[in-house]
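Visitor: show me the folded form of this:
(one chain, ligands or ions: 1)
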Amino acid sequence: MSDALIIGAGISGLSCAWTLRKLGVDATLVESGDRAGGVMRTHRIGGYVIEGGPTTLLPKPETLEFIEELHLSPQLVKPAGARFVYAGGRLRKVPFGAMSLPGLLRILAEPAIRSQSHADESVFEFFRRRMGREAADLVSTAVMGIYAGDTRTLSAAAAFPRMVDLERKYGSVILGMLQSRQRGKARKTGSATFKDGFETLANRIAEDVDIRLGVQEVRLSDARAVVVATPAHQAAAFLERDQPALARLLRSVEYAPMIVAAAAVPDEGFPQPLRGFGFLVPRSESMHTLGSIFTSALFPDRAPRGMQLLSSFMGGAFEPEVMGWPDDRIWDTVGRELKQILRLSSFPQPVLLIRHERALAQYKIGHERFVGAVREELKGKPGLFLTGNYLVGAGVADCIEQGQQTARAVAEYLRRKP
Ligand SMILES: Cc1cc2nc3c(=O)[nH]c(=O)nc-3n(C[C@H](O)[C@H](O)[C@H](O)COP(=O)(O)OP(=O)(O)OC[C@H]3O[C@@H](n4cnc5c(N)ncnc54)[C@H](O)[C@@H]3O)c2cc1C
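Guide: Residues are numbered from 1 along each chain as shown. A predicted model of the protein is given here:
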């Protein structure tokens with residue numbers, strides 16, 4: 001029996017298992033499915049390369065170190081391209097093309113706003129208060145691409161902790177950003193991914209750890225330390241019998257569903273060559289498509305010659321019912337909307353449709369209290385640890401970081417309790 005058992009081989013569990021091995025802890029990673037990676041999955045179909053889960057990550061310096069330690073830095077690519085918002089019948093470049101002059105001037109007035117965020121402030125209210133209504137609307141559209149959620153019910157402190165922190169420290173988000181940049185503390189931004197797809201990362205880590213696939217039955221008593229690295233509802237199911245109070249808390253986490261619809265269009269179907277990162281659609285446009293990534297414009301080798309690949313998203317917190325739509329209705333809707341938005345002369349051809357019932361954890365108002373309550377419960381269960389995207393950061397880089405932190409806590413626990 002290993003000293004530590006990690007349950008769930010998504011990026012959270014993989015990062016935790018890899019770090020434990022680095023720290024010299026005897027650890028086993030168990031996965032109920034037949035592959036490592038969880039939602040991180042790269043599909044290859046007829047010359048198309050499609051990400052079923054994350055497409056890019058926003059690396060922190062520690063993420064880049066982790067990737068370096070895995071010898072994957074040469075595989076890292078930084079896709080660049082303008083991002084657009086579809087509004088008023090055309091694609092507008094973010095941010096300047098998507099905002100009016102008064103809206104931009106209102107953002108510039110942000111340093112003069114003296115008020116401070118309160119604990120239960122929503123994302124929408126935070127940005128409206130600091131930067132004005134137009135900026136808050138733009139953030140709401142951008143949040144569709146991150147949490148697929150409703151900014152009026154998401155918690156500013158949980159979903160945008162850095163922004164709230166800058167306000168607390170500097171009295172202004174803009175001044176805070178400028179000052180941290182001057183002090184060299186600003187985070188490296190710019191999204192990144194792996195040349196051959198995200199699965200490169202999952203597969204590389206899986207090579208280095210003791211991983212058992214297709215494991216259906218594990219018990220808390222199977223190891224001295226147990227890390228549950230599954231989504232919240234699956235963690236709740238696992239802990240139901242032994243830890244009912246913790247399970248109840250975990251069950252309260254809401255997730256937004258998401259459909260990924262990858263479609264192809266021949267080059268000549270576009271009025272001009274496809275360039276850019278992709279677009280998002282504000283809710284005010286009353287469309288079903290949340291947004292689309294211009295996959296083949298970002299990564300030329302992800303579509304056969306003469307074809308373009310577009311990965312579009314539907315669902316989210318506002319329209320969970322699309323999950324119940326049959327495939328042909330989804331293809332018809334995505335195709336029609338892509339044709340209108342990109343002014344295509346031909347109808348997009350279906351390549352792959354993926355349905356995620358529970359795609360993205362919603363950091364609702366009160367999320368910080370939820371995390372506090374989980375930590376409190378865990379204090380009474382030494383040897384039990386939780387990590388995953390529903391706690392303090394949903395992005396891949398956050399999951400890697402939380403996995404690493406959990407591994408350090410496990411190593412420390414095992415050292416103190418031989
Ligand atoms: C469609 C989509 C697009 C996204 N896009 C981005 C993006 O562009 N950038 C970004 O940074 N983030 C993105 N995210 C978020 C990010 O990908 C996820 O938050 C992250 O990959 C979650 O990893 P995880 O390990 O916590 O969970 P998961 O990937 O869900 O892995 C959990 C694993 O646990 C296993 N498991 C569950 N129960 C058990 C059990 N009882 N026993 C054993 N194993 C079990 C599951 O089979 C699974 O393999 C996206 C997410 C989705 C769904």
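Visitor: who are the packing partners of the worst-scoring helix or strand of the chain on mean pLDDT?
Guide: Least confident helix or strand, the chain: helix 173-182 with a mean of 87, by mean pLDDT, DSSP states H and E. The contact analysis (3 or more C-beta pairs under 8 Å, 6 or more residues apart in numbering; DSSP states H and E) places helix 173-182 against helix 161-170. For every residue, glycine as well, the C-beta is placed using N, CA and C.
Visitor: for the helix it packs on, C-alpha coordinates in CSV please.
Guide: What follows is helix 161-170, C-alpha atoms only, in CSV (Å, rounded to 0.1, in the frame of the first residue of the first chain):
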residue,chain,number,x,y,z
PRO,A,161,-9.2,37.6,-6.5
ARG,A,162,-6.3,39.5,-7.9
MET,A,163,-8.5,42.5,-9.0
VAL,A,164,-10.2,42.7,-5.6
ASP,A,165,-6.8,42.4,-3.9
LEU,A,166,-5.4,45.3,-6.0
GLU,A,167,-8.4,47.4,-5.0
ARG,A,168,-7.8,46.6,-1.3
LYS,A,169,-4.0,47.3,-1.5
TYR,A,170,-3.8,50.3,-3.8
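Visitor: can you point out the buried residues in it?
Guide: Residues Met163, Val164, Leu166, Glu167, Tyr170 are the ones in helix 161-170 that count as buried (16 or more other C-beta atoms under 10 Å).
Visitor: gap between the nearest residue to Gly53 once chain neighbours are set aside and the ligand?
Guide: Once flanking residues are discounted, Gly53 sits nearest to Val39: 3.6 Å by C-beta to C-beta, 6 or more residues apart in numbering. For Val39, the distance to the ligand equals 4 Å [C-beta to the nearest ligand atom, to the nearest Å].
Visitor: could you pull up phi and psi at Val39?
Guide: With angles defined as degrees, to the nearest 10, Val39 sits at phi -70, psi -10.
Visitor: that one reaches Thr55, doesn't it?
Guide: No: counting by C-beta atoms under 8 Å, Val39 stays clear of Thr55, with 11.5 Å between them.
Visitor: who has more neighbours out of the two?
Guide: It is Thr55, of Val39 and Thr55, that has more neighbours when counted by other C-beta atoms under 10 Å, with 23 against 20.
Visitor: pLDDT score assigned to the more buried one?
Guide: You'll see Thr55 listed with a pLDDT of 94.
Visitor: which stretch of helix or strand covers it?
Guide: Assigned by DSSP states H and E, Thr55 falls within no helix or strand.
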